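Participant: Pasted the sequence and its predicted model underneath.
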Amino acid sequence: MLHLTLVDKTNRCEKVYKKLCPNSPLPKPRKASVRKLIDPSDRNIVVDSAAVIIHYSAPKSATGEDILELHIHGGPATQRAVLAAISTVSSDKSLFLRFAEPGEFTKKAFINHRLEITQVEALSDELSAETEQQRRAAVRGNHKKLSITYDRWREKLLHARGEIEALIDFSEDQNFEQSPQVLLQSITDQVNLILKETERFKSASNYGELLKKGIKISLLGPPNSGKSSLLNRITGREASIVCEEAGTTRDIIEVNLDINGYLCTFADTAGLRDQPTVNDIQAAKIGVVEQEGIKRAKIKASKSDLVIALASIERDKSLEKWLINYNVNSLSLAANASKALIVLNKCDLIASSDQIDLILHEFESKVAAAFSPRIPPSITMISCHNDSIEFDLNGNNGNIELLTSKLTQTIKEITNFPVDMGDLIGVTERQRLIIDSFCAYLDQFKNETDILLAAEKLRLAANCLAQITGRGGAGDVEELLGVIFEKFCVENLLYELRKVIIEATYQNYLNLWTGVAGL
């Protein structure tokens, strides 16, 4: 499909159409019509025998200008032929055509008031959406409710600033209906209401960013507990190296994955362990590289939305018994995270569930202690071994499906936003950062004792809203005068204007006389 947008001051839209379809009239606006496209350089050459053409007349079009929409039927050869025909049309200087710059159609739509800047941002998110939840979040932002709210805030600040300007300029000459103290308190109350409303916008922005940028998930656990194997099982590919040798993963490996419509970024981290004691002769000392890997793993976990702490069932050959290999730091990091899952891997090594229960009690107590006073998540027992078909506690191969189900449910809890915030999910990170500055200026206004500086803080706050919407600003002179003049009657206004004119005239005569005397 090709879009041709034209600023139609001299019927250029119809002229371009006549070059391509000389034997057919221009279709009625917004009516799809089948037309034969002809090569303007050779009327005997048909470039498309059944193109669908739609004509949108300004201003009722996507860009606010005249648009010809060409729906071409054919492959790359047909597309090249049509583009070549259009380039032939542009040889006529009065019908100059060029390829649009990236985003130029959307820019025209914004300039011609067909789209608000918040809708443009939502459109960009919708085009780049890779998951269902990203698409839904983008669609929620593709309406004018955000711009309407920002404009409403701006109007309130404009009116408040106008009242303060009137108080500054005319309080000594005019009798206001309200005392200055009551007026300032009324404005402060309005500012407090706006600040309260911005909190919902900030919260909605956090939810929206989770859906757009993805939920950050860290895999933590001691070396050789199966973090890399679990990542490979979840992603369905060899995303991370798996080896029986402990400490294979040293740096962080990140993988993006669509989990039931949610974009998730899994981070496979280095195994966490403590420096061995003097009595622990068999354990290898932690080297510089491993120390850095452990440090990065902890930092990554602290910034994650969800932490999956892994432990594994191991065989103690010296004691000839089964034990659970876990790391206290992993449990602590999981307990401090907003959401966490506890996973016990290698359960296929023990055939009987009764045997697992015998060694599980101590681990459950350690988990409970780490999460106290919070209620710890239930332990999910899995097996990442490729041959663990017989391990089937809940009817799933290796219990990976059960873990995925819990993972999906936890992600839904993380991204579960209040119903009344549904229309605010379109608030972008850019808007949120500007709203932070906006709120800072309003807080400064509340704490400002100088009335002149207080008015300036309101102006700066209004400018922040203009940065979000791309329109308006702090208010021009006419808008401010409209508010100021409401504060006193027309007779007083005329008196003030006459006084200004008389003073200006007197000053002109004085300057003239001074100049003559100087000569």
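Facilitator: Structure received.

Participant: what's near enough to touch the residue nearest the centre of the chain?
Facilitator: Per C-alpha atoms, centre = their mean, the C-alpha nearest to the average position across the chain is that of residue 428, at 3.8 Å. Going by C-beta atoms under 8 Å, 6 or more residues apart in numbering, residue 428 touches 118, 121, 125, 141, 205, 208. Backbone N, C-alpha and C define where each C-beta goes, glycine included.

Participant: Which of the three states applies to the fifth one?
Facilitator: On the three-state scheme (DSSP: H, G, I helix; E, B strand; the rest coil), residue 205 is labelled helix.

Participant: element containing the closest residue to residue 422 other than its chain neighbours, please.
Facilitator: Leaving out its chain neighbours, the residue that sits closest to residue 422 by C-beta to C-beta, 6 or more residues apart in numbering is residue 140, at 6.2 Å. For residue 140, the host element (DSSP states H and E) is helix 132-141.

Participant: avg pLDDT for that helix?
Facilitator: For helix 132-141, mean pLDDT rounds to 82.

Participant: That helix: what's the following helix or strand?
Facilitator: helix 145-170.

Participant: low-confidence ranges in the stretch 151-300 of the chain?
Facilitator: Residue ranges of the stretch 151-300 of the chain with pLDDT under 70: 170-179, 237-250, 275-284.

Participant: Looking at the chain, which strand is longest?
Facilitator: Assignment by DSSP state E gives strand 42-56 as the longest strand of the chain.

Participant: Let's see the next helix or strand along the chain from that strand as CSV, backbone CA atoms only.
Facilitator: Using DSSP H and E, the next helix or strand after strand 42-56 towards the C-terminus is strand 66-71. The C-alpha trace of strand 66-71 is given here as CSV (Å, rounded to 0.1, in the frame of the first residue of the first chain):
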residue,chain,number,x,y,z
ASP,A,66,-5.3,15.3,0.8
ILE,A,67,-4.3,11.7,0.6
LEU,A,68,-4.3,9.2,-2.2
GLU,A,69,-4.1,5.6,-1.0
LEU,A,70,-2.9,3.1,-3.6
HIS,A,71,-3.5,-0.6,-2.7
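
Participant: heads up, I number from 399, so please use that
Facilitator: With 399 as the first residue, the last one maps to strand 464-469.

Participant: what angle sits between strand 464-469 and strand 440-454?
Facilitator: Angle, strand 464-469 to strand 440-454, by axes from the mean of the first three to the mean of the last three C-alpha atoms, to 10 degrees: 120 degrees.

Participant: ok, residues contacting strand 464-469?
Facilitator: Contacts for strand 464-469 (C-beta under 8 Å, 6+ apart): 399-406, 410-411, 414-415, 430, 435, 449-456, 459, 480.

Participant: And the buried ones among those, selectable in PyMOL?
Facilitator: Those of the contacts of strand 464-469 that count as buried under 16 or more other C-beta atoms under 10 Å are selected in PyMOL with:
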select buried, resi 402+403+404+406+410+411+414+415+435+449+450+451+452+453+454+456+459+480
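
Participant: quick one, strands of the stretch 599-748 of the chain?
Facilitator: Taking DSSP state E, counting those that start in this stretch, the strands of the stretch 599-748 of the chain run over residues 613-618, 651-657, 660-666, 704-714, 719-723, 738-743.

Participant: residues touching residue 605, list them.
Facilitator: So residue 605 contacts 813, 815, 819, 823 (C-beta under 8 Å, 6+ apart).

Participant: could you list every residue that touches residue 664?
Facilitator: So residue 664 contacts 615, 617, 629, 632, 633, 652, 653, 654, 655 (C-beta under 8 Å, 6+ apart).

Participant: do residue 738 as well
Facilitator: With C-beta under 8 Å, 6+ apart, residue 738 has these contacts: 704, 705, 706, 707, 732, 769, 775.

Participant: ok, so what distance separates it from residue 536?
Facilitator: 29 Å (C-beta to C-beta, to the nearest Å).

Participant: what does residue 661 give?
Facilitator: 12 Å.

Participant: what does residue 553 give?
Facilitator: Distance from residue 553 to residue 536, by C-beta to C-beta: 28 Å.

Participant: who's more crowded, these two?
Facilitator: The neighbour comparison of residue 553 against residue 536 (other C-beta atoms under 10 Å) goes to residue 536, with 23 against 15.

Participant: Quick check: the gap between residue 561 and residue 596.
Facilitator: Using C-beta to C-beta, we find residue 561 at a distance of 21 Å from residue 596.

Participant: Have a look at these two and say which one is more surrounded.
Facilitator: Between residue 561 and residue 596, residue 561 has the larger neighbour count (other C-beta under 10 Å), namely 22 against 18.

Participant: where's the closest residue in space to the more buried one that isn't next to it in sequence relative to residue 852, distance?
Facilitator: Leaving aside its sequence neighbours, residue 561 sits nearest to residue 581 (C-beta to C-beta, 6+ apart; 6.0 Å). In this view, residue 581 and residue 852 are 12 Å apart by C-beta to C-beta.

Participant: hey, C-alpha coordinates of the helix or strand encompassing residue 805 in CSV?
Facilitator: When elements are assigned from DSSP H and E, residue 805 belongs to helix 798-812. Below are the C-alpha coordinates for helix 798-812, written out as CSV (Å, rounded to 0.1, in the frame of the first residue of the first chain):
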residue,chain,number,x,y,z
ILE,A,798,8.2,-27.5,34.3
GLU,A,799,4.7,-26.8,33.2
LEU,A,800,3.6,-26.4,36.8
LEU,A,801,6.5,-23.9,37.3
THR,A,802,5.5,-22.0,34.2
SER,A,803,2.0,-21.8,35.5
LYS,A,804,3.1,-20.4,38.8
LEU,A,805,5.4,-18.0,36.9
THR,A,806,2.6,-16.8,34.8
GLN,A,807,0.4,-16.2,37.8
THR,A,808,3.1,-14.3,39.6
ILE,A,809,3.7,-12.1,36.5
LYS,A,810,-0.1,-11.3,36.5
GLU,A,811,0.1,-10.3,40.1
ILE,A,812,3.1,-8.0,39.4
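
Participant: what sits against residue 521?
Facilitator: Contacts of residue 521 by C-beta under 8 Å, 6+ apart are 504, 513, 536, 540.

Participant: go with 10 Å
Facilitator: Contact partners of residue 521, counting by C-beta atoms under 10 Å, 6 or more residues apart in numbering, are 501, 504, 507, 513, 536, 539, 540.

Participant: Name the nearest residue to the fourth one, sequence neighbours excluded.
Facilitator: I take that to be residue 513. residue 507 (4.3 Å).

Participant: which residues are in contact with both of residue 661 and residue 536?
Facilitator: Contacts common to residue 661 and residue 536, judged by C-beta under 10 Å, 6+ apart, are 527, 609, 610.

Participant: so of those, which ones are in helices?
Facilitator: Among the shared contacts of residue 661 and residue 536, the residues falling in helices (DSSP state H) are 609, 610.

Participant: Most neighbours among the shared contacts of residue 661 and residue 536, which one?
Facilitator: residue 609 (25 neighbours).

Participant: Can you give me the distance of that one to residue 522?
Facilitator: 15 Å.

Participant: just residue 469 next, same as before
Facilitator: Taking C-beta to C-beta, one finds residue 469 at 24 Å from residue 522.

Participant: Kindly report the same for residue 865.
Facilitator: Residue 865 sits 17 Å away from residue 522, going by C-beta to C-beta.

Participant: tell me the mean pLDDT for the longest strand of the chain?
Facilitator: According to the model, strand 440-454 has a mean pLDDT of 89.

Participant: and what of stretch 463-480?
Facilitator: Rounded mean pLDDT across stretch 463-480 is 88.

Participant: Stretch 714-726 too?
Facilitator: Mean predicted lDDT for stretch 714-726 stands at 81.

Participant: got the buried residues for that stretch?
Facilitator: Buried-residue list, stretch 714-726, by 16+ other C-beta under 10 Å: 722, 723, 724, 725.
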